[in-house]
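Peer 1: Sharing a model that was predicted from the sequence below.
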Amino acid sequence: MVTPVSQPRNVVVVLLDSLNRHMLGSYGGTEFATPHLDRFAVEHATRFTRHVTGSLPCMPARHDILCGSLDFLWRPWGSIELWEQPITADLRQQGVLTMLVTDHPHLFETGGENYHTDFGAWDYVRGHEGDPWRTWLDPSWIGVPAPPALTGDWWLRRRYGDHAPRIHRAYDTSRTYFRAESDYPGPRTMQAAADWAAGAAQHHRDQRWMLFVDEFDPHEPFDTPEPWQGMYEAEPWDGERIIWPPYVVGGVTEGHLSEGEAAHVRGNYGAKLSMIDHWFGRLMAEFDRHQLWDDTAVIVCTDHGHYLGERRGGADIWGKPMVPQFEPLGHIPLLIHWPGVQGGAVCDALTTAVDLHATIADVFDASPQHRTHGRSLAPLLRGEAASVRDWAIGGVFGNWVQVTDGRFKYARAPEGDNFPLSMWSNRWSTMPVHVKGMVELPKPDGRAWLDRMPDSEVPVIRQPFQPGDALPFWVSGAANVGKHHLYDLDVDPDEAENRRGESVERRMQDLLRTALGELDAPAEQIERLGLQV
């Protein structure tokens, strides 16, 4: 019997940070095991093949999903602003219960501190990455289950020696308190999510709800206990494990990283991916047990991928350094279960992160009051449409701006000196880096004035920058000026041939101008990118 396609009653979003599409079995990956995500894709979900990043990195991507508007053209990583509100506020007005389960530390520090506050409830699992959970090493730690590992500043010390900036990674302390796999933040988060879903099936039968699981795994540190630890190593690792990956272009090719170290780091990512896949299975088990598949949509997504030695331009890339969003980082997985839609379906339509916000709003009949940029994916899932957008745009504030039509991808770099450039914000926060002597975000000065965001009457501080200014973290340097990239992904998915200078570049320039115009992006972006007609 075929179940009729219906509008979901509830929604679960599972955001797995830094989830590499090309490493999932459901997308053809064979290097690492992801059986539970693969089963979800085959038995329950529609697999989207052209889903791409929007605003980057971590918190800007969450802004796309929770607020529905691309903000990287106006500001860097930052808090929710006065002229907008998250989907959770809209759902509260609709009488929908919302729950956040997360171990993501950026949600509880400056630059991300108000993304959780409009949830009906939240459960913050402590101890991941930069979360300042513990202040001293556990004296009883004997190296298990968390084995001895290089500290989070190892890469900077290797590169810069005594001149390396001093940083402390809180996780290096927190990991000494783990005594079993179930103590690690990722497993604890997924178990808490599974428990909440089981409870909601019993206690919230008469109320609609949304569960948002913001799981920081498989993001670094790539730290796992046995049996995951070392499961992808050809031979046992000798010495302290490398759980903090480098952020560099040319790690191996420039002689900074040995082939053995590179394989070790990549294998550690795979171990963490397989571990969090295992715990994702706990959530699926509760859906099976309580028949939640019948009325609850499940969206499995990510913010971006993570480079693990993939080569572009002859160099191996690691982490999220200052490069365009090549396919390993910018072409991301999206799996959606929709009640009544048979699992194993494939959707080739072009989609992006803000579309998830629009889809959630569609499910709950919510109407955001600020300018949003997404398109609901419900018509695609129900088979009522073959596409919802002609282009998708994305990037990092002050860096390349990328546009794709689903086949060609064009990354436009700044021209000249990367100016004019302004930041628009009333909260004036960004990613804390906790490095002595490093300016995270310069304060507004006398050059700032009050402007307006598109379709908003809320005055906003607009701070112009000029050459010589301290700039927000992540802004591109002069070395990237003029380095445009253009790829035909249908014939060149590994981006080996930059087709800049061919006739198609003019068409993609026109598409980028169209996209910027439809977004009402600041006019200075056209000038900064050298796109004046």
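Peer 2: Yep, that arrived. Quick caveat: nothing in here was measured; it's all calculated off a predicted structure.
Peer 1: Every contact and neighbour count from this point should use C-alpha atoms.
Peer 2: Fine.
Peer 1: Flag the shaky bits of the stretch 1-150 of the chain, pLDDT-wise.
Peer 2: Flagging of the stretch 1-150 of the chain using pLDDT under 70 yields the residue ranges 1-3.
Peer 1: can you map out the strands along it?
Peer 2: If DSSP state E, counting those that start in this stretch is used as the criterion, the strands of the stretch 1-150 of the chain fall at 10-16, 46-52, 55-56, 97-102, 121-124.
Peer 1: which stretch among those comes nearest Asn480?
Peer 2: Of all the strands of the stretch 1-150 of the chain, it is strand 55-56 that lies closest to Asn480, at 17.4 Å by Cα to Cα.
Peer 1: Centre of the chain to that closest one, how far?
Peer 2: Strand 55-56 sits 8 Å away from the centroid of its parent chain (Cα atoms, centre = their mean, to the nearest Å).
Peer 1: residue contacts, Ile115?
Peer 2: You called it Ile, but residue 115 is Tyr. When contacts are counted by Cα atoms under 8 Å, 6 or more residues apart in numbering, Tyr115 touches 66, 79-80, 86, 107.
Peer 1: before we move on, what about Ala41?
Peer 2: Residues near Ala41 by Cα under 8 Å, 6+ apart: 26, 47, 335, 343-344.
Peer 1: what about the closest residue to Ala33 other than its chain neighbours, which SS state?
Peer 2: The shortest distance from Ala33 to any non-neighbouring residue, by Cα to Cα, 6 or more residues apart in numbering, is to Ser274 (5.7 Å). The three-state label given to Ser274 by DSSP: H, G, I helix; E, B strand; the rest coil is helix.
Peer 1: cool, and the one 10 residues further on?
Peer 2: Classification of Met284 into helix, strand or coil gives helix, according to three-state DSSP.
Peer 1: what distance separates stretch 86-100 from the centre of its chain?
Peer 2: Offset of stretch 86-100 from its chain centre (Cα atoms, centre = their mean): 22 Å.
Peer 1: gap between the two ends of that stretch?
Peer 2: The first residue of stretch 86-100 is 13 Å away from its last residue (Cα to Cα, to the nearest Å).
Peer 1: returning to that earlier point: which residues touch the residue nearest to Ala33?
Peer 2: Residues near Ser274 by Cα under 8 Å, 6+ apart: 32-34, 228.
Peer 1: Just name the most buried of the strands of the stretch 1-150 of the chain.
Peer 2: Mean neighbour counts were compared across those using mean count of other Cα atoms under 10 Å; the top stretch is strand 55-56, at a mean of 28.
Peer 1: Just list what that one packs against, helices and strands only.
Peer 2: Counting contacts by 3 or more Cα pairs under 8 Å, 6 or more residues apart in numbering; DSSP states H and E, strand 55-56 packs against helix 58-67, strand 392-396.
Peer 1: partner strands of it, parallel or antiparallel?
Peer 2: strand 392-396 (parallel) (DSSP bridges).
Peer 1: ok and the strand it pairs with relative to helix 58-67, angle-wise?
Peer 2: 140 degrees (axes from the mean of the first three to the mean of the last three Cα atoms, to 10 degrees).
Peer 1: could you point out which element follows strand 392-396?
Peer 2: Under the assignment DSSP states H and E, the closest C-terminal helix or strand after strand 392-396 is strand 401-404.
Peer 1: Now the helix or strand of the chain with the lowest mean pLDDT: buried residues?
Peer 2: The helix or strand of the chain with the lowest confidence, counting by mean pLDDT, DSSP states H and E, is helix 154-160 at a mean of 94. For helix 154-160, the neighbour count (16 or more other Cα atoms under 10 Å) marks 154-156 as buried.
Peer 1: Repeat that for stretch 218-232.
Peer 2: Using 16+ other Cα under 10 Å as the test for burial, stretch 218-232 gives 218-225, 228-232.
Peer 1: ditto for stretch 283-294
Peer 2: 283-284, 286-287, 292-294.
Peer 1: which residues are in contact with that stretch?
Peer 2: 40, 190-191, 193-195, 197-198, 201, 337, 339-340.
Peer 1: before we move on, what about stretch 51-65?
Peer 2: Counting by Cα under 8 Å, 6+ apart, 17, 69-72, 76-78, 80, 106, 111-112, 303-304, 330-334, 350-357, 392-397 sit against stretch 51-65.
Peer 1: Keep only those of the residues you listed that are in helices.
Peer 2: Among the contacts of stretch 51-65, the ones falling in helices (DSSP state H) are 330, 354-357.
Peer 1: I'd like the residues you listed laid out as JSON lines, including pLDDT, neighbour count and distance to Leu137.
Peer 2: Below are the ones in helices among the contacts of stretch 51-65 laid out as JSON lines (pLDDT from 0 to 100; neighbours: other Cα atoms under 10 Å; distance: Cα to Cα, whole Å):
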{"residue": "Gly330", "pLDDT": "98", "neighbour count": "23", "distance to Leu137": "37"}
{"residue": "Val354", "pLDDT": "98", "neighbour count": "27", "distance to Leu137": "41"}
{"residue": "Asp355", "pLDDT": "99", "neighbour count": "24", "distance to Leu137": "43"}
{"residue": "Leu356", "pLDDT": "99", "neighbour count": "25", "distance to Leu137": "41"}
{"residue": "His357", "pLDDT": "98", "neighbour count": "26", "distance to Leu137": "41"}
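Peer 1: biggest separation within those, which pair?
Peer 2: Gly330 and His357, at 18.5 Å, using Cα to Cα across the ones in helices among the contacts of stretch 51-65.
Peer 1: Spatially nearest residue to the residue most central in space within the chain, not counting backbone neighbours?
Peer 2: Against the mean C-alpha coordinate of the chain, by Cα atoms, centre = their mean, the closest residue is Asp303 at 1.6 Å. Nearest residue to Asp303, sequence neighbours excluded (Cα to Cα, 6+ apart): Ala61, at 5.4 Å.
Peer 1: before we move on, back to that, closest to Leu150 out of the contacts of stretch 283-294?
Peer 2: Comparing those against Leu150 with Cα to Cα places Met190 closest, at 26.8 Å.
Peer 1: what number of residues lie near that closest one?
Peer 2: A count of nearby residues for Met190, using other Cα atoms under 10 Å, gives 28.
Peer 1: Residue numbering should commence at 367 henceforth.
Peer 2: Sounds good: first residue 367 from here, last item Met556.
Peer 1: Whatever helix or strand it lives in packs against which elements?
Peer 2: Per DSSP H and E, Met556 falls inside helix 551-569. Judged by 3+ Cα pairs under 8 Å, 6+ apart, the packing partners of helix 551-569 are strand 463-468, strand 575-581, helix 625-656.
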